[in-house]
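Enquirer: pasting the structure only:
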Ligand code: SF4
Ligand code: SF4
Ligand code: SF4
């Protein structure tokens, strides 16, 4: 009789534990797995934090990918190579790079006759594609520029525009 009571108690406790675990959003094991997945995705991304993927940086994009909430083809600076690596990592099909919202063949151009050398664009550029020093003319290193446009808004004299890459 006692052993029957113990058995019922153990089964009840087990059932309660399962209920509690499933009522939580995620178990610690699932959270850890997700974190590993996010870290693996982040290693594939270029880490320019440009926002071209429509997320506020590489980590939010990696988190959305890990949760299957976005496509693998949104990272424009990473290009086709990153799409391929993400496809392998996530076990999904390669897709053409998503270019509908943006012309990917553009770079920034500074009108050097207007530039006042305030350095604000340099601070905004995630890939160090702008050369210049305080109170001196600034210019763009085209081969580094990803066309993310993050330097345009901070410029107080509106002397940065986007042009076709040559
Ligand atoms: S587009 Fe690519 S490099 Fe830019 S923030 Fe998104 S994931 Fe990072
Ligand atoms: S568009 Fe501007 S901020 Fe973006 S990479 Fe080019 S120079 Fe840097
Ligand atoms: S933000 Fe504009 S004015 Fe300031 S250094 Fe850059 S290009 Fe020149």
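Expert: Received the coordinates, thanks. Computed from a prediction, not measured in an experiment: that's the story for all the values here. Residues are numbered from 1 along each chain as shown. Ligands and ions are numbered 1, 2, ... in the order given.
Enquirer: near ligand 3, which residues of the chain are found?
Expert: 110, 115-121, 132, 138, 154-155, 157, 159-160 (CB under 6 Å from any ligand atom). The way it works is simple: take the backbone N, C-alpha and C, and place the C-beta from them, glycine included.
Enquirer: which of these tops the neighbour count?
Expert: In terms of neighbour count, residue 121 stands highest of the residues of the chain next to ligand 3 at 24 neighbours, by other CB atoms under 10 Å.
Enquirer: how about it, what does it touch?
Expert: Counting by CB atoms under 8 Å, 6 or more residues apart in numbering, residue 121 touches 110, 130, 132, 138, 151, 154, 155, 160.
Enquirer: would it count as being in a strand?
Expert: No: in this structure, residue 121 is helix, not part of a strand, as judged by DSSP: H, G, I helix; E, B strand; the rest coil.
Enquirer: which non-adjacent residue is nearest it?
Expert: residue 151 (4.0 Å; CB to CB, 6 or more residues apart in numbering).
Enquirer: so who does that neighbour touch?
Expert: So residue 151 contacts 108, 121, 124, 125, 130, 160 (CB under 8 Å, 6+ apart).
Enquirer: mind giving me the packing neighbours of the host helix or strand of residue 107?
Expert: Element membership for residue 107, per DSSP states H and E: strand 106-110. If you count contacts as 3 or more CB pairs under 8 Å, 6 or more residues apart in numbering; DSSP states H and E, strand 106-110 packs onto strand 139-140, strand 160-164.
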